[in-house]
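Colleague: sequence and computational prediction follow.
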Number of protein chains: 2
Amino acid sequence: MDSAPQAPSLPPEILTQLQQAAGPGGWTLDAHEIAPHLVEGRGLYHGTCALMVKPATTEAVAAIVRICARHRIPIVPQGGNTGLCGGGVPDGASVLLTTSRMKQLRGIDPATHTMTVEAGMVLADVQRVAAEHGLLFPLSLGAEGSCQIGGNLSTNAGGIAVLRYGNARDLVLGLEVVLPDGEILGSLKSLRKDNTGYDLKQLFIGAEGTLGIITAAVLKLFPLPRDQATGFVAVRDPQAAIELLGLARQRSGDAVTSFELINRLTLEYVLRHMPGTVDPLADPSAWYVLVEMSSSRADAGLTTALEDCLADAIERGLVTDAAIAQSEAQARAMWRLREEAPDAQKFEGGSIKHDVSVPVGKVPEFLARATNSVEAHLPGIRVTAFGHAGDGNIHYNLSQPKGADRDAYIARWAEFNRIVHDIVQDLGGSFSAEHGVGKLKIDELVHYKSPVELATMRAIKRALDPDNIMNPGKVIIP
Amino acid sequence: MDSAPQAPSLPPEILTQLQQAAGPGGWTLDAHEIAPHLVEGRGLYHGTCALMVKPATTEAVAAIVRICARHRIPIVPQGGNTGLCGGGVPDGASVLLTTSRMKQLRGIDPATHTMTVEAGMVLADVQRVAAEHGLLFPLSLGAEGSCQIGGNLSTNAGGIAVLRYGNARDLVLGLEVVLPDGEILGSLKSLRKDNTGYDLKQLFIGAEGTLGIITAAVLKLFPLPRDQATGFVAVRDPQAAIELLGLARQRSGDAVTSFELINRLTLEYVLRHMPGTVDPLADPSAWYVLVEMSSSRADAGLTTALEDCLADAIERGLVTDAAIAQSEAQARAMWRLREEAPDAQKFEGGSIKHDVSVPVGKVPEFLARATNSVEAHLPGIRVTAFGHAGDGNIHYNLSQPKGADRDAYIARWAEFNRIVHDIVQDLGGSFSAEHGVGKLKIDELVHYKSPVELATMRAIKRALDPDNIMNPGKVIIP
């Protein structure tokens, strides 16, 4: 017999109402089916719920939320459950609402460069449908094969093309949201300009489901890239990388889509642990940049632009060596060196992670100060820094000293967070650049936000969700 | 003696407190100095105030607002007073707060591509300072010589480069706001990625001062254009224009910065009334497009790209004739044909105006339906349509029939608004694309927004400004 703890339950008449609202096939009490929805990827949280609903329509979502509102039952929205901060994990006798069955393409309008999708459509499917119409949906990130667009918008996802196309927030023209009282705020307009009162959709993007449930969105599309240039570049130091970024933006016609900074140790981990990876350059360098330019213009001549830019940068002493991909396969191989970094790091013992951002021009100062501080605090600690330097976003990860005790090291997580985040704060940065707050970073939010910011967030939360039923315990405690 | 009505007044002790908070040179009771601040450009409103304050610092703004909050005195923020909807015009015994003395450049960071400016800096000065550092601040509109950046952000200004760079909202990374209780919400971060709770700045952008007073902002900058191509193009019809837009975006590497649609009548008004203007094409066409491409890459070859794109469009039957500017002077002459349209129209009698947007792909349907309707409603009415078709934003103006009585025609303003706005609404459009709501369009807002949208706007307004002291009577009545 299974000795799992009894799931929390709801009064039978409310349960019945919710099941009816969700419709046939729209709910489950099966612990086996629910189980994967109660944990998040890193295993930090293990939640509970009284019922999982799987509504197929916005109207069903609204009916479910109205019942929850009437009885003040917590409701936790969940997309692909790929978040890293526990924002989608339910607690107690809550209703877990997955958007997985809401995957309709409501429409695509190539002339307007927009598409209208339901929240449950997987990001890779959104990209694919756009491409089938000759257009680009530029949001791209590691989890794109399973994350859902509704979750991407709820968390204002970032990824590898923010430099050129912005965050998820910047890719939305219209939004449909079920509010905490069960009303549908339907503003699925595909307008580039609309100055008729408060831009309400902005409230729900990045709110991690604490103000309402995003059920559909109108997304911006772009021309598909037809020319691309990729380079793996040894830079003198992080300061040189930032100067190279300005040069590359200017010389390419602002066509730099990715600009990733990688330190030598990160590259060494990848070369050591990831089969088939090769250093594209002859001599080691303390710092590298992976740069990608792309354009919808087939004759954009981006390879020439990149070559000219790098030649100039070598002359200025910013760049010491560089390889430019001569084929799609070479470009893929260069990207692997960046993309395998998180996995390669696992072979080197415990890693204390930070997803921080600072103003782009302050990346060098951040790296110098943080590295001085953590190395002084724990000699032998190994800084594994990589990330979207073009956005000022560094995944600043700290591998344990060689031979140290893993658990004892990981137990010092909060201690190193404080050191790193204090420096970030001092530089006008953010303790969560892409990943959001969820449950994991609530304490950091209270620690680093000003009293006025916290009070304003609470005022908004109370105004829209006075009974605190919408994803309670996440982001902000009202 | 001047027979102007007595200005409304405040209790002497409150007046003294406000004067002390504003500091020396920070206030006036001089009717002559105040007078130009009480009217808006089109003369639709003539307001009153009990005091005009001219604070020089954010702290002074906060001190003034705290006094107003304590005594529930309405406060009306005003920038360059170039708005077209009366949003900055005060009423009754209110305090008018002009940001004109807050013109400090707080900093510019070329490496991060950002600058931090105070609300009172004139838009043209923002552009100039950026250019002096080799960078572009792309917001550009007719009033740029006198409008202030704080007002631009409060109204989410649009203009001629939205297609490529977005609205004012898209150009902001951080914001400093004095809230209705006098607290300073200081979030002047220059981060491209920051997912730490609700994106509060979005609330104040486009709120027209009804939720707080924007005192400073961090703005995004871009590489300066170094190559440009401008063309004046005769298109088959509006549908062909929209197809040309897609083609031009793709062929230029998404470098289309402006895409303006102009009908023949508009061009005829300009040629007739504006000295020195010349039709760039030999034969008349019912519809024209003014297209501009620009790139920071000096060797972008945009003229070639535009030529190729137009040759292709001619082959596809979209374009019937085209002229490409061969010099800066020719490009300026083409732009004059578009920019002089509003003034040229004044020579043709009364004009009933609409600042509407629809999804870009629906511009042709909007133009056909609206024109059918208004011509059927009033035979002889003359449609003068021009605007930012690349954003779906049309200034759809209706000149009176020849020889009609001007006043009788203008008296039918609301009647024609209803006809045009109903079609806009039916197409998922907006009755105010760029100009905002202010006082002028409050009734349209109530008419066209859904009850849920209105209720949510009111909930936000009440949460942040429970006593309704911040620009009351504008945008939304709580």
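Modeller: It's in.

Colleague: A:Arg236 against A:Leu318, yeah?
Modeller: Yes: under the criterion of C-beta atoms under 8 Å, A:Arg236 makes contact with A:Leu318 at 5.9 Å. For the C-beta atoms, the positions are set from N, CA and C on the backbone; glycine is no exception.

Colleague: just want to know which of these two has more residues nearby.
Modeller: With neighbours defined as other C-beta atoms under 10 Å in any protein chain shown, A:Arg236 and A:Leu318 compare such that A:Leu318 has more, 21 against 18.

Colleague: what does the stretch 351-478 of chain A have sitting close to chain B?
Modeller: Residues of the stretch 351-478 of chain A found near chain B (C-beta under 8 Å from any C-beta of the partner chain) are A:357-362, A:388, A:390-393, A:428-437, A:441, A:444-445, A:448-450, A:452-453, A:455-457, A:459-460, A:462-464, A:475-476.

Colleague: now those: which count as buried?
Modeller: A:357-362, A:388, A:390-393, A:428-437, A:441, A:444-445, A:448-449, A:452-453, A:456-457, A:459-460, A:463-464, A:475-476 (16 or more other C-beta atoms under 10 Å in any protein chain shown).

Colleague: among these, which lie within strands?
Modeller: Among these, DSSP state E puts A:Ser357, A:His388, A:Asn393 in strands.

Colleague: now the strands for the stretch 151-300 of chain A?
Modeller: Taking DSSP state E, counting those that start in this stretch, the strands of the stretch 151-300 of chain A run over residues A:172-178, A:184-187, A:213-220, A:222-223, A:227-235, A:256-263, A:287-295.

Colleague: by contact count, what packs against the last one?
Modeller: Using 3 or more C-beta pairs under 8 Å, 6 or more residues apart in numbering or on different chains; DSSP states H and E as the contact test, the elements touching strand A:287-295 are strand A:227-235, helix A:238-251, strand A:256-263, helix A:264-273, helix A:302-315, helix A:328-339.

Colleague: out of these, flag the one nearest chain B.
Modeller: For chain B, the closest of these is helix A:238-251, at 4.2 Å, according to C-beta to the nearest C-beta.

Colleague: pull the CA atoms of that closest one into CSV?
Modeller: Below are the C-alpha coordinates for helix A:238-251, written out as CSV (Å, rounded to 0.1, in the frame of the first residue of the first chain):
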residue,chain,number,x,y,z
PRO,A,238,34.8,42.1,-19.0
GLN,A,239,35.3,45.9,-19.6
ALA,A,240,36.5,45.1,-23.1
ALA,A,241,33.5,42.9,-23.6
ILE,A,242,31.1,45.8,-22.8
GLU,A,243,33.0,48.1,-25.2
LEU,A,244,32.8,45.4,-27.9
LEU,A,245,29.0,45.2,-27.3
GLY,A,246,28.6,48.9,-28.2
LEU,A,247,30.8,48.5,-31.2
ALA,A,248,28.9,45.4,-32.4
ARG,A,249,25.5,47.1,-32.0
GLN,A,250,26.6,50.1,-34.0
ARG,A,251,28.5,48.2,-36.7
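
Colleague: who in the stretch 51-200 of chain A is up against chain B?
Modeller: Contact residues, the stretch 51-200 of chain A versus chain B (C-beta under 8 Å from any C-beta): A:109-114, A:155-156, A:158, A:162-163, A:166-167, A:169-170, A:179, A:183-200.

Colleague: which PyMOL command selects the buried ones in those?
Modeller: Selecting only the buried entries of these in PyMOL, with 16+ other C-beta under 10 Å as the criterion:
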select buried, chain A and resi 109+111+112+113+114+155+156+158+162+163+166+167+169+170+179+183+184+185+186+187+188+189+190+191+192+193+194+195+196+197+198+199+200
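
Colleague: give the contact list for A:Leu205.
Modeller: Careful, residue A:205 is Ile and not Leu. With contact taken as C-beta atoms under 8 Å, 6 or more residues apart in numbering or on different chains, A:Ile205 is in contact with A:Leu153, A:Ser154, A:Asn156, A:Ala168, A:Arg169, A:Val172, A:Leu175, A:Ile214, B:Asp199.

Colleague: rerun at 6 Å
Modeller: Counting by C-beta atoms under 6 Å, 6 or more residues apart in numbering or on different chains, A:Ile205 makes contact with A:Leu153, A:Asn156, A:Arg169.

Colleague: what's the answer for A:Tyr45, then?
Modeller: Contacts for A:Tyr45 (C-beta under 6 Å, 6+ apart) come out as A:Gly86, A:Val89.

Colleague: for the residue nearest in space to the middle of chain A, which non-adjacent residue is closest in space?
Modeller: Centroid-nearest residue in chain A: A:Ala157, 3.6 Å away (criterion: C-alpha atoms, centre = their mean). Nearest in space to A:Ala157, with sequence neighbours left out and distances taken as C-beta to C-beta, 6 or more residues apart in numbering or on different chains, is A:Ala168 at 4.5 Å.

Colleague: sorry, back to before: can I get the helices and strands packed on strand A:287-295 in TSV with mean neighbour count and distance to chain B?
Modeller: Converted to TSV, the helices and strands packed on strand A:287-295 look like this (neighbours: other C-beta atoms under 10 Å in any protein chain shown; distance: least, C-beta to the nearest C-beta, whole Å):
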stretch	mean neighbour count	distance to chain B
strand A:227-235	23	8
helix A:238-251	23	4
strand A:256-263	25	10
helix A:264-273	19	20
helix A:302-315	18	7
helix A:328-339	17	17
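
Colleague: could you dump the ones you listed to CSV with mean pLDDT?
Modeller: Shown next, in CSV, are the helices and strands packed on strand A:287-295 (pLDDT from 0 to 100):
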stretch, mean pLDDT
strand A:227-235, 98
helix A:238-251, 96
strand A:256-263, 96
helix A:264-273, 98
helix A:302-315, 97
helix A:328-339, 96
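
Colleague: quick check: the residue nearest to A:Val39 when sequence neighbours are not counted vs B:Arg72, distance?
Modeller: In space, and not counting its chain neighbours, A:Val39 is closest to A:His46: 5.4 Å by C-beta to C-beta, 6+ apart. Applying C-beta to C-beta, to the nearest Å, the value for A:His46 to B:Arg72 is 51 Å.

Colleague: let me have the strands of the stretch 151-300 of chain A in a markdown table, extended by distance to B:Lys103.
Modeller: Converted to a markdown table, the strands of the stretch 151-300 of chain A look like this (distance: least, C-beta to C-beta, whole Å):
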| stretch | distance to B:Lys103 |
| --- | --- |
| strand A:172-178 | 34 |
| strand A:184-187 | 36 |
| strand A:213-220 | 34 |
| strand A:222-223 | 37 |
| strand A:227-235 | 38 |
| strand A:256-263 | 33 |
| strand A:287-295 | 38 |
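
Colleague: re the thing from before, relative to chain B, which of the contacts of A:Ile205 is nearest.
Modeller: Distance to chain B, by C-beta to the nearest C-beta, is smallest for A:Asn156 among the contacts of A:Ile205, at 5.4 Å.

Colleague: quick one: contacts for the nearest residue to that closest one once chain neighbours are set aside?
Modeller: Distances taken as C-beta to C-beta, 6+ apart place A:Gly206 nearest to A:Asn156, at 3.5 Å, with adjacent residues excluded. Applying C-beta under 6 Å, 6+ apart, we find A:Gly206 in contact with A:Asn156, B:Asn195, B:Asp199.

Colleague: measure the first one to A:Glu40 for me?
Modeller: With the distance defined as C-beta to C-beta, A:Asn156 ends up 18 Å from A:Glu40.

Colleague: all helices for the stretch 351-478 of chain A, in order.
Modeller: Ranges of helices in the stretch 351-478 of chain A, per DSSP state H, counting those that start in this stretch, are A:363-377, A:406-410, A:413-426, A:442-448, A:451-464.

Colleague: neighbouring contacts of stretch A:421-437?
Modeller: A:84-85, A:87, A:155, A:158, A:208, A:355-359, A:362, A:366, A:369-370, A:393, A:441, A:444-445, A:448, A:475, B:189, B:191, B:193-196.

Colleague: oops, could you answer that again for stretch A:345-356 instead?
Modeller: With contact meaning C-beta under 6 Å, 6+ apart, stretch A:345-356 is reached by A:269, A:273, A:384, A:394-400, A:406, A:409-410, A:413, A:416, A:420, A:424, A:429, A:432-435.
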